[in-house]
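**Q** Build the 3D model from these lines:
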Amino acid sequence: MTIESWRFVDAGSLPGALNMAEDEAMLEAHMAGDAPPTLRVYSWHPPAVSLGHFQRVERTVQAETCRELGIHVVRRPTGGRAILHTSDEITFSIVTSTARLGARGIMDSYRELAGGIIAALALLGVEARLVERAGRARRGAVNRDPACFAVKARCDLVVGSHKLVGSAQVQRQGFLLQQNSLPLRVHFEEWDRVFLRPAVRPEAVSLCEAAGRTISYQEAAEALRRGFARHFQVEFTPGDLSDQEKRRAEELAASARVL
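**A** Residues are numbered from 1 along each chain as shown. Sure thing, here's the model as predicted:
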């Protein structure tokens, strides 16, 4: 039996606008048949806030504080709420088709991809599960919070009652890009400075806290590669974006930067 080969890209640490642009360029290339299904892992330098596709910057972040702290504000091609990304995080994106996942709807695709993430976290000693239904977050002010990790949605992964992985998706013509944020450590005090938010502490947990030990970016990246390979019965070929994808990403990066 032939095992399908997917591409694994470790992009390292990049500016936020380029991170978002490379994810979108991967999606376009896969839609055109020019790139295989891809798992891409990356980090952020400098720190950045990524806004969901439909969020408005003036209703989400303290713009002056972001400028003072050198925090870029960028827009994701996917939906959801804003995330503050720092060097204490591993972000990972998946590009594939709904047909490969056997998904008949957007929640089906979230559930299928969650299987790969859960398998990866298990390799790190963390037992996670998909949120069972909407409405689990506390009512009232927190639901108006623009920050992703303040609210648990059906597409998110939790440990106990605490959110560990935030995910957002965009689907185009039977193909999808899912972007996922996995904080190695959580800095609540920075969230309080950056976001326009009610004074409610989010129920979020970091990977290191959930595991009860220090986990590096490299260890998490390897677990993601192995977890997805095991869950989907594929093998990953290490690689990089093609020259065509990189050129397209440079074009898209200009419009991804908001602040």
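**Q** where along the stretch 51-200 of the chain do the helices fall?
**A** Taking DSSP state H, counting those that start in this stretch, the helices of the stretch 51-200 of the chain run over residues 63-69, 98-101, 106-123, 188-194.
**Q** Relative to residue 30, which of those is closest?
**A** Counting by Cβ to Cβ, residue 30 lies closest to helix 98-101 out of those; the figure is 10.4 Å. Heads up, the C-betas are built off the backbone N, CA and C, glycines and all.
**Q** Show the average pLDDT along that closest one.
**A** For helix 98-101, mean pLDDT rounds to 96.
**Q** helices and strands around it, which ones?
**A** Helix 98-101 is packed against helix 106-123, with contacts defined by 3 or more Cβ pairs under 8 Å, 6 or more residues apart in numbering; DSSP states H and E.
**Q** Tell me where the stretch 101-250 of the chain has strands.
**A** Using DSSP state E, counting those that start in this stretch, the strands found in the stretch 101-250 of the chain span residues 129-130, 157-159, 162-172, 175-183, 235-239.
**Q** Neighbouring strands of the second one in the sheet, and parallel or not?
**A** Just to be clear, that refers to strand 157-159. Paired neighbours of strand 157-159 in the sheet (DSSP bridges): strand 129-130 (antiparallel), strand 162-172 (antiparallel).
**Q** returning to what we had before: I'd like the strands of the stretch 101-250 of the chain as JSON lines, with mean pLDDT, mean neighbour count and distance to residue 67 appended.
**A** Listed next are those as JSON lines, based on pLDDT from 0 to 100; neighbours: other Cβ atoms under 10 Å; distance: least, Cβ to Cβ, whole Å:
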{"stretch": "strand 129-130", "mean pLDDT": "94", "mean neighbour count": "16", "distance to residue 67": "37"}
{"stretch": "strand 157-159", "mean pLDDT": "96", "mean neighbour count": "20", "distance to residue 67": "33"}
{"stretch": "strand 162-172", "mean pLDDT": "96", "mean neighbour count": "21", "distance to residue 67": "25"}
{"stretch": "strand 175-183", "mean pLDDT": "98", "mean neighbour count": "24", "distance to residue 67": "23"}
{"stretch": "strand 235-239", "mean pLDDT": "97", "mean neighbour count": "13", "distance to residue 67": "36"}
